[in-house]
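Chemist: Sharing a sequence plus its predicted fold:
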Amino acid sequence: MKQRFTIPMPARYGINIGLLVLFLIVGNLIVGGNLLPRAHSNNVIQVGFFIILAVSLNLSTGYLGQLPLGHAGFMAVGAYAGAIFWRSGLLPSEASLVVGLLLAGVVAAIFGVLIGIPALRLKGDYLAIITLGFGEIIRVLINNLPAITGGAQGLLGIPRYSTFLVVYICVILTCGAIHMLMKSRHGRAILSIRENEIAAESCGIKTTYYKVLAFAASAFFAGVAGALFAGNLGILVPGDFDFMASINILMIVVLGGMGSMAGSVIAAAILTSLPVVMQPLAQYRMIIYALLLILVMIFKPSGLLGTYDFSLSRVIERLVRRITAGRIKEKGAK
Amino acid sequence: MMLQVKNMNVYYGSIYAVKDVSFHVEEGETVTLIGANGAGKSTILKTISGLLRSKTGSISFAGEEISNTPSHAIVKRGLAQVPEGRRVFLQMSVQENLEMGHYTQPGGTMDERITEVYQRFPRLKERYKQHAGTLSGGEQQMLAMGRALMSRPRLLMLDEPSMGLAPLLVEQIFEIIKELHAGGTTVLLVEQNANMALTVADRGYVLETGKIVLADSAKALLENDAVRKAYLGG
């Protein structure tokens, strides 16, 4: 019998860790090593929090199968919660960084639960409209509470905690946490709701509970990404979190493939870098950007990766199998 | 008594769908609710499984009141429903579908139960790795039934298992219901295909526009003139 080549579990972890370290070194070189102009090196950091935003939205769009349009709202809540805490200077900087990020996530998650309970009773377009309304309410509230949020003038002097390393670690933790959630029995329950809510209910799954759970988790990570965003720019204005911001995140998820984490990551990298890379093309870049989206939707409507999730170990396994299969054939021919 | 429904009244908004329905299912029995489109059959099942609520009356399952229990907790107590229209998880494999059916059950019993289901439905075993969406209609119905059996229910409720299936497949499905019955499973079967339903059932209730108009043994209903005229084609 032919034995299929598989990479043993510890080696798989090894490959993944190796890859993470490689990205870390390359990223650090780009950001810290002055290899690129500043606009480009900061873009690497932006890719980071857009990955978190896309992966977290993918949880409620791709895995849970709902269509929320207020992701920027959760991001805003987290951004302001984190920024206000950081500005207060209650804790020394390292502790402040960690607590601020957690606080941002938790506050956004609380909003996620509050919005999720009424909104998730609805489906499709109705849910989209409710969440869209929520996103706008948040933005208007921030605009009109100058005492706390700085209003339309913006919140200034936010400590710049979002270094490449910090963002990078957050990206890994987010992807790891969501990956583990989806591999667990809770993840299965979330997926089954996407597949068929009535069937899920007849299997004894608490559908409302899991919908709100996924929604809140999605909001949590959006909040963390918001705080990273604040710590990167050092200034927050409510206009950063308008409807278009939500659409941009959704676009990343759709382009990458709803239900594929790797797709979200790759699409976040492409769509965030594209405007920067195409800077020399000036006025044509938005056309190219739009064309790219249109072409993907026409030729690959399920997104770049569909629901497929990438695993380097699996790719290596397949390559090795193909090579050895080729050798056996050659031998047979002789 | 496995299931006792007393004075069930269900409304969809202002539409009065189920009118004062009472019936019961004894342990080990196969009972069928038959009736035309819109008679309220599926509504009754949905109300029993907690997806809809009755305004009045009581539903007791194995002696316990369940009319206010949330639906996931009802499944846990051993009342499984195979929903109308073969609602399987299309993008999950056959095996994963079955695993979902085991969701409420304690760990450690899953492999054994999957083997049981595969014994009953050898066709599913052949296709265990395939996506459920690639199965034929009959296979999907088998999968939906197998998934419900994963929780080893004390009462199995089937909502129109023959819907949209070719006659040969309908016969197969009813053969399986007979086998389940012979194996001691209590079954509550809702069907439009009155003829088939009455041949496998012990007792039957005839529904018309939300009301029970006849209740008798399946045999007697098959021979009843009014039933023959209305549902069995003369």
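Modeler: Sure thing, it's come through.
Chemist: how far out from the middle of the chain is the longest helix seen in chain B?
Modeler: Counting by DSSP state H, the longest helix found in chain B is helix B:167-182. When distances are taken as C-alpha atoms, centre = their mean, to the nearest Å, helix B:167-182 is centred 13 Å away from the chain's centroid.
Chemist: so does whatever helix or strand comes next after that helix get close to chain A?
Modeler: Using DSSP states H and E, the helix or strand that follows helix B:167-182 in sequence is strand B:186-191. No: under the criterion of C-beta under 8 Å from any C-beta of the partner chain, chain A is not reached by strand B:186-191; the shortest gap measures 13.9 Å. C-beta here means a position set from N, CA and C on the backbone, and glycine is covered the same way.
Chemist: And the contacts of the helix or strand just after strand B:186-191?
Modeler: Moving toward the C-terminus from strand B:186-191, the next helix or strand (DSSP H and E) is helix B:194-200. With contact meaning C-beta atoms under 8 Å, 6 or more residues apart in numbering or on different chains, helix B:194-200 is reached by B:30, B:32, B:34, B:162, B:170-171, B:174, B:177-178, B:181, B:189, B:191, B:204, B:218-219, B:221-222, B:227, B:231-233.
Chemist: just stretch A:135-153 next, same as before
Modeler: A:69-73, A:76-77, A:80, A:84, A:111, A:155-156, A:236-239, A:241-243, A:246.
Chemist: Sort out which of these are in strands and list them.
Modeler: Secondary structure defined by DSSP state E assigns none of the contacts of stretch A:135-153 to strands.
Chemist: can you list the weak-confidence ranges in the stretch 151-300 of chain A?
Modeler: Residues of the stretch 151-300 of chain A meeting the criterion pLDDT under 70: A:282.
Chemist: Give me every residue in it lying close to chain B.
Modeler: A:185, A:188-189, A:191-192, A:195-196, A:198-207.
Chemist: ok so, going back, going through the contacts of stretch A:135-153, which ones are buried?
Modeler: A:69-73, A:76-77, A:80, A:84, A:111, A:155, A:236-238, A:241, A:246 (16 or more other C-beta atoms under 10 Å in any protein chain shown).
Chemist: sorry, back to before: for PyMOL, write the select line for the buried members of the contacts of helix B:194-200.
Modeler: Here is the PyMOL command that selects the buried residues among those (16+ other C-beta under 10 Å):
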select buried, chain B and resi 30+32+34+162+170+174+177+181+189+191+204+218+221+222+227+231+232
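Chemist: quick one, helices of the chain?
Modeler: With no chain named, the answer covers chain A. Remark: helices assigned in chain A by DSSP H are A:9-32, A:38-58, A:71-88, A:93-119, A:124-143, A:146-149, A:164-183, A:185-195, A:197-202, A:207-233, A:243-256, A:261-277, A:285-299, A:312-333.
Chemist: let's do chain B instead
Modeler: Here chain B has its helices, by DSSP H, at B:41-48, B:71-76, B:94-101, B:110-120, B:122-126, B:137-149, B:167-182, B:194-200, B:218-223, B:225-231.
Chemist: what's near enough to touch A:I193?
Modeler: Counting by C-beta under 8 Å, 6+ apart, A:I193 has contacts A:L64, A:G65, A:A200, A:I205, A:T207, A:Y210, A:K211.
Chemist: which non-adjacent residue is nearest it?
Modeler: A:A200 (4.9 Å; C-beta to C-beta, 6 or more residues apart in numbering or on different chains).
Chemist: Number of residues surrounding the one you found?
Modeler: Applying other C-beta atoms under 10 Å in any protein chain shown, we find 25 other residues in the vicinity of A:A200.
Chemist: how close does A:V44 get to A:Q279?
Modeler: Distance from A:V44 to A:Q279, counting by C-beta to C-beta, to the nearest Å: 15 Å.
Chemist: quick one, which of the two is more surrounded?
Modeler: Neighbour count, other C-beta under 10 Å: between A:V44 and A:Q279, A:V44 has more, with 21 against 11.
Chemist: pretty sure that one is in contact with A:N28, am I right?
Modeler: No: the pair A:V44 / A:N28 is not scored as a contact, 9.5 Å apart, by C-beta atoms under 8 Å.
Chemist: shared neighbours, these two?
Modeler: Joint contacts of A:V44 and A:N28 (C-beta under 8 Å, 6+ apart) are A:F164.
Chemist: Just grab the bridge partners of B:V82 for me.
Modeler: B:L158 (DSSP bridges).
Chemist: give the contact list for it.
Modeler: Applying C-beta under 8 Å, 6+ apart to B:V82 gives the contacts A:S202, B:A144, B:M145, B:R147, B:A148, B:L156, B:M157, B:L158, B:D159, B:P161.
Chemist: OK, contacts around the residue nearest to B:R147 when sequence neighbours are not counted?
Modeler: Leaving aside its sequence neighbours, B:R147 sits nearest to B:G101 (C-beta to C-beta, 6+ apart; 3.5 Å). For B:G101, the contact set (C-beta under 8 Å, 6+ apart) comprises A:C203, B:A80, B:G146, B:R147, B:A148, B:L149, B:M150, B:S151.
Chemist: How much space separates the spatially closest residue to the second one that is not a sequence neighbour from B:G78?
Modeler: Ranked by C-beta to C-beta, 6+ apart and with sequence neighbours excluded, the top spatial neighbour of B:A80 is B:P153, at 3.6 Å. B:P153 sits at a distance of 5 Å from B:G78 (criterion: C-beta to C-beta).
Chemist: Repeat that for A:F243.
Modeler: Counting by C-beta to C-beta, the separation of A:F243 from B:G78 is 48 Å.
Chemist: what's the burial count for residue 100?
Modeler: Using chain A here. 29.
Chemist: wrong one, chain B
Modeler: Around B:M100 there are 26 other residues, counting by other C-beta under 10 Å.
Chemist: and which of the contacts of B:V82 is nearest B:G133?
Modeler: When the contacts of B:V82 are ranked by distance to B:G133 (C-beta to C-beta), B:A144 comes first, at 13.1 Å.
Chemist: wait, that closest one sits on B:Q81?
Modeler: No: contact status for B:A144 versus B:Q81: not in contact, 9.7 Å apart, counting by C-beta under 8 Å.
Chemist: These two - which one has more neighbours?
Modeler: A count of neighbours by other C-beta under 10 Å puts B:Q81 above the other of B:A144 and B:Q81, at 30 against 27.
Chemist: contacting residues for the more buried one?
Modeler: Per C-beta under 8 Å, 6+ apart, neighbours of B:Q81: A:S202, B:L45, B:I48, B:S49, B:V75, B:A148, B:L156, B:M157, B:L158, B:D159.
Chemist: Please name the nearest non-neighbouring residue to the residue of the stretch 201-334 of chain A found nearest chain B.
Modeler: Residue nearest to chain B within the stretch 201-334 of chain A: A:G204 (3.2 Å; C-beta to the nearest C-beta). Once flanking residues are discounted, A:G204 sits nearest to B:V75: 3.2 Å by C-beta to C-beta, 6+ apart.
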